[in-house]
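Chemist: Sharing a model that was predicted from the sequence below.
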Amino acid sequence: MSVMATTEDISDTLADSASENSEGLLTAGLLGWYAVCSSSSLKKEEIYNLSMYNEPIILYRDNKGRARCIKDLCPHRGSSFMGGSIQDGELVCPYHGGRFSSEGECTNLDRLTCQHIIDSNYNNYAKRIHLSQYPCVERDGYIYIYYNGKAKDELGEWNSEDKLVDHIPDTFGFKIDEYKCEEVTVDFKCDWARIIENHLDILHIFWIHGDTIPDSNVNRKTITSFDQKITKDFRHIESKYMHKSDSKDEFITLKFIPPGRVLIYKGSPETARYIQVLDHIPLAQNRARVIVRHYRKFLTNEFLAKLVMFKPLQHRIFYRIFSEDYLVLKTQTYNQQMGYVEKDNVKLLGEDKMIQYFWDWHRKATVNDSPWSLHPTTSTTNTVHMDFPMPYPPENPKLAKDNEKSILINSIIRIIPIPLLILLIVL
Ligand code: FES
Ligand SMILES: [Fe+2]
């Protein structure tokens with residue numbers, strides 16, 4: 001019973017090539033396109049708060065329904081838009097009611113400035129007050145933002161900058177419209193990169209999640225031997241795991257698409273019946289969000305899926321898996337920050353090659369992009385907006401409990417008619 005990996009296919013020279021290879025292998029860095037929210041979570045007339053690398057930002061839909069990403073800073077007196085509102089597709093500040101068009105211009109200066117009383121320099125002020133934005137695109141049911149830590153007053157015609165849009169990591173490797181999808185969002189108080197590492201870690205799936213994942217091939221007792229083959233190109237690292245007994249029988253394929261996407265295919269990407277797409281969002285130091293999508297080719301009939309309560313049952317599995325990982329991720333983050341997770345203290349296995357490549361990339365990308373130095377906080381920074389409860393599980397266990405309750409109620413609703421029917425027939 002062992003998990004074995006062969007790594008002959010891996011050229012050792014590749015280990016040092018991530019993020020800066022002159023031949024262009026895996027050139028993406030930590031700054032770039034992130035899927036930060038699903039389309040369905042971004043409701044009309046609502047503000048969606050998040051942050052990127054410590055910088056608070058908001059998302060909303062403008063008067064044309066287009067997604068917008070704004071630095072969470074009112075240009076009048078620096079208030080957050082938290083507690084503000086969207087009125088007719090325009091963003092309204094909670095402090096003095098400053099109202100902004102989707103181009104970022106203030107549209108109610110006459111009221112904001114009390115012009116007739118105090119502002120003798122109205123025109124100049126109008127030119128200066130402006131929202132700062134990040135490029136934002138909606139695609140495949142995701143809201144993507146281009147995050148480089150430098151929000152701009154004027155985005156101009158950025159949509160036509162094909163080069164930028166071309167880098168959106170939408171290379172799923174399968175046709176998403178052929179699949180049904182369930183989705184959950186999760187919040188963790190831990191290091192962002194540690195979660196990605198967790199999702200690239202094939203070994204832990206058998207052990208920590210062995211009793212939770214409903215797959216007879218995935219549990220502590222039936223760990224399957226497999227071979228491993230890793231490939232890299234400009235845009236991703238991919239690892240295929242094949243059964244030792246049959247090298248053509250692909251067990252799992254993992255893909256990492258920088259900066260934040262991991263894909264897990266059950267089988268080969270083209271034919272997999274089950275695929276997970278995980279998008280990792282670095283909210284702040286010690287805070288990260290993950291959007292998890294489960295694409296499936298089975299149980300595609302919506303009525304049937306509702307009848308067997310596929311969605312809440314699927315969510316229950318997700319919630320359990322997150323809780324199983326969470327304790328490890330939190331404590332691992334501490335160990336990392338204390339400097340304990342150094343080379344001499346931890347030794348990766350051959351099976352951890354994918355993880356080694358990820359950290360190679362991450363280390364170099366961190367040096368090149370230094371994303372945490374763009375908006376650094378110190379121990380005296382009042383990060384009060386970060387102290388608001390994180391809305392998703394496992395940080396918010398209420399969601400998991402509500403889900404359990406709905407499973408129970410729906411099960412009773414489904415079961416009760418059967419004895420009633422029998423009673424009616426008998427009587
Ligand atoms: S701080 Fe926003 S309107 Fe004054
Ligand atoms: Fe896990």
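Modeler: Happy to help now that I have it. Ligands and ions are numbered 1, 2, ... in the order given.
Chemist: and this protein, which residues reach ligand 2?
Modeler: 198, 325 (CB under 5 Å from the ion). Using the backbone N, CA and C atoms, a C-beta is placed for each residue, glycine as well.
Chemist: so what's Val367 up against?
Modeler: Contacts for Val367 (CB atoms under 8 Å, 6 or more residues apart in numbering) come out as none.
Chemist: what secondary structure does it sit in?
Modeler: Three-state assignment for Val367 (DSSP: H, G, I helix; E, B strand; the rest coil): helix.
Chemist: can you tell me how far the closest residue to Asn286 other than its chain neighbours sits from ligand 2?
Modeler: Nearest in space to Asn286, with sequence neighbours left out and distances taken as CB to CB, 6 or more residues apart in numbering, is Lys189 at 5.6 Å. According to CB to the ion, to the nearest Å, Lys189 stands 16 Å off from ligand 2.
Chemist: With Trp33 instead?
Modeler: Taking CB to the ion, one finds Trp33 at 25 Å from ligand 2.
Chemist: What helix or strand is that residue located in?
Modeler: Element membership for Trp33 (DSSP states H and E) is strand 32-38.
Chemist: Can you point out the buried residues in that strand?
Modeler: Using 16 or more other CB atoms under 10 Å as the test for burial, strand 32-38 gives 32-38.
Chemist: repeat for stretch 381-393
Modeler: Buried residues in stretch 381-393, counted by 16+ other CB under 10 Å: 386, 390, 392-393.
Chemist: now for the host helix or strand of Arg414, which elements pack on it?
Modeler: Using DSSP H and E, Arg414 sits in helix 397-415. On a contact count with 3 or more CB pairs under 8 Å, 6 or more residues apart in numbering; DSSP states H and E, helix 397-415 meets helix 310-337.
Chemist: so what does the helix it packs on touch, helix or strand wise?
Modeler: Short answer (3+ CB pairs under 8 Å, 6+ apart): helix 310-337 packs on strand 180-188, helix 192-199, strand 287-296, helix 397-415.
Chemist: on that earlier part again, can you pull the contacts of the residue nearest to Asn286?
Modeler: 286-287, 330, 390, 395.
Chemist: Among these, pick out the one closest to Arg77, please.
Modeler: Ranked by distance to Arg77 (CB to CB), the contacts of Lys189 are led by Arg287 at 26.5 Å.
Chemist: Quick check: next helix or strand after the helix holding Arg414?
Modeler: helix 417-426.
Chemist: Quick one: mean pLDDT over that following helix.
Modeler: The average of the pLDDT scores along helix 417-426 is 84.
Chemist: ok, now stretch 361-372?
Modeler: Stretch 361-372 carries an average pLDDT of 94.
Chemist: and what of stretch 281-295?
Modeler: The average pLDDT within stretch 281-295 is 95.
Chemist: before we move on, back to that, Serialize the buried residues of stretch 381-393 to a markdown table and add fields for pLDDT, distance to ligand 1 and secondary structure.
Modeler: Listed next are those as a markdown table, based on pLDDT from 0 to 100; distance: CB to the nearest ligand atom, whole Å; DSSP: H, G, I helix; E, B strand; the rest coil:
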| residue | pLDDT | distance to ligand 1 | secondary structure |
| --- | --- | --- | --- |
| Met386 | 80 | 20 | helix |
| Met390 | 90 | 26 | coil |
| Tyr392 | 92 | 28 | coil |
| Pro393 | 92 | 33 | coil |
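Chemist: If we go by neighbour counts, what in the helix or strand encompassing Met354 is buried?
Modeler: Using DSSP H and E, Met354 falls within helix 353-369. Of the residues in helix 353-369, 353-362, 364-366, 369 count as buried by neighbour count, 16+ other CB under 10 Å.
Chemist: how about the nearest residue to the residue in the stretch 101-250 of the chain positioned nearest to ligand 2, chain neighbours excluded?
Modeler: Residue of the stretch 101-250 of the chain nearest ligand 2, by CB to the ion: Asn198 (4.9 Å). By the measure of CB to CB, 6+ apart, the closest residue to Asn198 outside its immediate chain neighbours is Asp325, 5.6 Å from it.
Chemist: so that neighbour makes contact with Thr212?
Modeler: No: applying CB atoms under 8 Å, one finds Asp325 not in contact with Thr212, separated by 10.4 Å.
Chemist: who has more neighbours, these two?
Modeler: Between Asp325 and Thr212, counted using other CB atoms under 10 Å, Asp325 has the larger neighbour count: 23 against 18.
Chemist: where does the more buried one land on pLDDT?
Modeler: Confidence at Asp325, expressed as pLDDT, is 96.
Chemist: for the helix holding Arg414, which positions count as buried?
Modeler: With burial defined by 16+ other CB under 10 Å, the residues of helix 397-415 counted as buried are 399-400, 403.
Chemist: Please apply the same query to stretch 137-146.
Modeler: In stretch 137-146, counting by 16+ other CB under 10 Å, buried: 137-138, 140, 142-146.
Chemist: now do stretch 49-66
Modeler: 49-62.
Chemist: looking at the protein, which helix or strand does the model trust least?
Modeler: Lowest by mean pLDDT, DSSP states H and E among the helices and strands of the chain is helix 122-128, with a mean of 67.
Chemist: so after that helix, what's the next helix or strand?
Modeler: Following helix 122-128 in sequence, per DSSP H and E, is strand 133-134.
Chemist: what helices or strands is that following strand leaning on?
Modeler: Using 3+ CB pairs under 8 Å, 6+ apart: strand 133-134 touches strand 67-71, strand 142-147.
Chemist: got a list of contacts for it?
Modeler: Contacts for strand 133-134 (CB under 8 Å, 6+ apart): 57, 68-71, 104, 145-148, 151-153, 155.
Chemist: From Thr333, how far out is the residue nearest to Asn286?
Modeler: Using CB to CB, to the nearest Å, Lys189 is found at 8 Å from Thr333.
Chemist: pLDDT of stretch 51-60, averaged?
Modeler: On average, stretch 51-60 scores 96.
Chemist: Start and end of it, how far apart?
Modeler: Distance across stretch 51-60, first residue to last, is 14 Å (CA to CA, to the nearest Å).
Chemist: Is ligand 1 within reach of that stretch?
Modeler: No: contact of stretch 51-60 with ligand 1 (CB under 6 Å from any ligand atom) is absent, the minimum separation being 13.0 Å.
Chemist: Distance from the chain centre to that stretch, please.
Modeler: Stretch 51-60 has its C-alpha centroid displaced from the chain centroid by 14 Å (CA atoms, centre = their mean, to the nearest Å).
Chemist: Stretch 397-406 now?
Modeler: 22 Å.
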